[in-house]
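> Make a model of this:
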Amino acid sequence: SPSHGRGHKFEPCTTHQHATASLETTLLLTVTRARHVLRLTANSALKQKQSGIMDSWTNFGHQRFEPSSDHV
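Reported below is the predicted structural model:
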């Protein structure tokens, strides 16, 4: 078909554009992935911090109430 032939005529140009576009996409994906990883790392660090606080509170509770439970 003529459109097929026309497509072949401009192939080098489109491949160059495609390469540039794919490079930009790759960069964008890399940045997005990096942000996502950073966010996940921050979230997990925050969760660890919170769970650490919760653990210390639980330990504090156990330390406070263990003698009374022993008495009972």
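> which regions of the protein lie under the pLDDT threshold?
Scanning the chain for pLDDT under 70 picks out 1-19, 53-54, 56-72.
> ok, Ala45 to Gly52 distance?
10 Å (Cβ to Cβ, to the nearest Å). For every residue, glycine as well, the C-beta is placed using N, CA and C.
> Same question for Arg33.
28 Å.
> same question, Leu23
43 Å.
> same check, this time on Thr32
Distance from Thr32 to Gly52, by Cβ to Cβ: 30 Å.
> Kindly report the same for Arg39.
20 Å.
> Next: His36.
24 Å.
> Next: Asn43.
15 Å.
> same deal with Thr26?
Separation of Thr26 from Gly52 (Cβ to Cβ): 38 Å.
> neighbours around Leu28, how many?
10 (other Cβ atoms under 10 Å).
> and if you look at Arg39?
Other residues within reach of Arg39, judged by other Cβ under 10 Å, total 10.
> That one: which element?
helix 11-71 (DSSP states H and E).
> In PDB, could you pull the C-alpha coordinates for stretch 28-37?
Provided in PDB are the C-alpha atoms of stretch 28-37 (Å, rounded to 0.1, in the frame of the first residue of the first chain):
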ATOM      1  CA  LEU A  28      11.100   9.200  33.100                       C
ATOM      2  CA  LEU A  29      10.600   5.600  34.200                       C
ATOM      3  CA  THR A  30      13.900   5.600  36.000                       C
ATOM      4  CA  VAL A  31      13.000   8.800  37.900                       C
ATOM      5  CA  THR A  32       9.500   7.600  38.700                       C
ATOM      6  CA  ARG A  33      10.900   4.200  39.900                       C
ATOM      7  CA  ALA A  34      13.600   6.000  42.000                       C
ATOM      8  CA  ARG A  35      10.900   8.200  43.500                       C
ATOM      9  CA  HIS A  36       8.800   5.200  44.200                       C
ATOM     10  CA  VAL A  37      11.700   3.300  45.800                       C
END
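> Please enumerate residues in contact with it?
Outside stretch 28-37, not one residue touches it by Cβ atoms under 8 Å, 6 or more residues apart in numbering.
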